[in-house]
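In: The sequence and its predicted three-dimensional model are supplied below.
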Amino acid sequence: MRRGLRFVAVCLGLATPQLLVAQRDACDPAELEVHSLTFAGNKAFSNGQLSSVIALTASEVLSRLALIGSVLGETRCGNPGLVAIDRARLVIYYRRRGFADVEVDTVVRRSGRIMDLRFVIREGLVTTIDTLRVSGMERIAERERLVRGLPTGQGQPFDQYLLEQSRDSLQRRLSDVGYPFAQVLLGTDVLRGDGGDSTRRTAVVARARSQAWRRTRCSAPARVRRGCRRLRHPGS
């Protein structure tokens, strides 16, 4: 046992200069090591969700160990100019998810070639969907079934990502029941709440339209029915 420990100590002693050089040169000259990256004030979205939005990432905890940190953990670096860009990314993300009044500040502490970064977020009030109306499908018998269970709806946050998913989902459903050339357009009207309610409320209109509501029918097997639908254009 003692011989084994001595052998490890000798190896570390021989490797120490190389390890120190590797840790020192882990970042490019124009970059700093991101020692830590944290968020404060975020309630609607987790740290993991916000981390996936930005470019900068913090070094792994094990990379901070003396001598062998570069072996056990990854040292992550970043250009200081990315801090302002990542701040803008967070603002855009929040606004597209329904938080129009969001504010994001940054706190950067630098020590030599290392920086600690903190994003301080004030989310503000969320914009909610007051009305979600689907029009232009009155002539379709399956209308009620097609509009059921969309990714977003009344009372939900005005999340543009989910609204786009709802649009795409509705367009796929129309195609599946024989309307492959239908188009689904989104229209929104954003207003302030009345009285003491300062939450914005949004009326959303999903308008389905086509050059002609001619249902494409096909007697082919189900596995090729979708391809058969594409053969006929409403204008033909």
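Out: Cool, the structure landed.

In: Am I right that residue 86 is in a strand?
Out: No. Read with DSSP: H, G, I helix; E, B strand; the rest coil, residue 86 is helix and lies in no strand.

In: host element of the residue lying closest to residue 36 once chain neighbours are set aside?
Out: Spatially, and ignoring its direct neighbours in sequence, residue 36 is nearest to residue 116 (4.6 Å; CB to CB, 6 or more residues apart in numbering). Any C-beta I mention is one placed from the backbone N, CA and C, and that applies to glycine too. Using DSSP states H and E, residue 116 sits within strand 114-122.

In: list the buried ones in that strand?
Out: 114, 115, 116, 117, 119, 121 (16 or more other CB atoms under 10 Å).

In: beta partners of the first one?
Out: With DSSP bridges as the criterion, the beta-bridge partners of residue 114 are residue 33, residue 111.

In: tally of neighbours for the closest residue to residue 75 other than its chain neighbours?
Out: Distances taken as CB to CB, 6+ apart place residue 26 nearest to residue 75, at 4.1 Å, with adjacent residues excluded. Applying other CB atoms under 10 Å, we find 18 residues neighbouring residue 26.

In: quick one: residue 26 and residue 33 touch, right?
Out: Yes. With contact defined as CB atoms under 8 Å, residue 26 counts as touching residue 33 (6.6 Å).

In: which residues do these two both contact?
Out: Both residue 26 and residue 33 are contacted by 75, 77, under the criterion CB atoms under 8 Å, 6 or more residues apart in numbering.

In: Which residue ranges of the protein form strands?
Out: 32-40, 77-78, 103-111, 114-122, 128-135, 183-191, 201-209 (DSSP state E).

In: Quickly run through the sheet partners of the second one, with directions.
Out: Spelled out, that is strand 77-78. When DSSP bridges is applied, strand 77-78 pairs with strand 32-40 (antiparallel).

In: Export the partner strand to CSV, keeping only CA atoms.
Out: The C-alpha coordinates for strand 32-40 follow below in CSV (Å, rounded to 0.1, in the frame of the first residue of the first chain):
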residue,chain,number,x,y,z
LEU,A,32,-10.9,34.4,-19.4
GLU,A,33,-11.8,31.3,-17.5
VAL,A,34,-15.4,31.3,-16.4
HIS,A,35,-14.9,30.3,-12.8
SER,A,36,-18.6,30.5,-11.9
LEU,A,37,-21.8,31.4,-13.6
THR,A,38,-25.0,31.9,-11.6
PHE,A,39,-28.5,33.3,-12.0
ALA,A,40,-30.5,35.3,-9.4
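
In: Now do that strand: everything it contacts.
Out: 26-27, 47, 50-51, 56-59, 64, 75-80, 110, 113-121.
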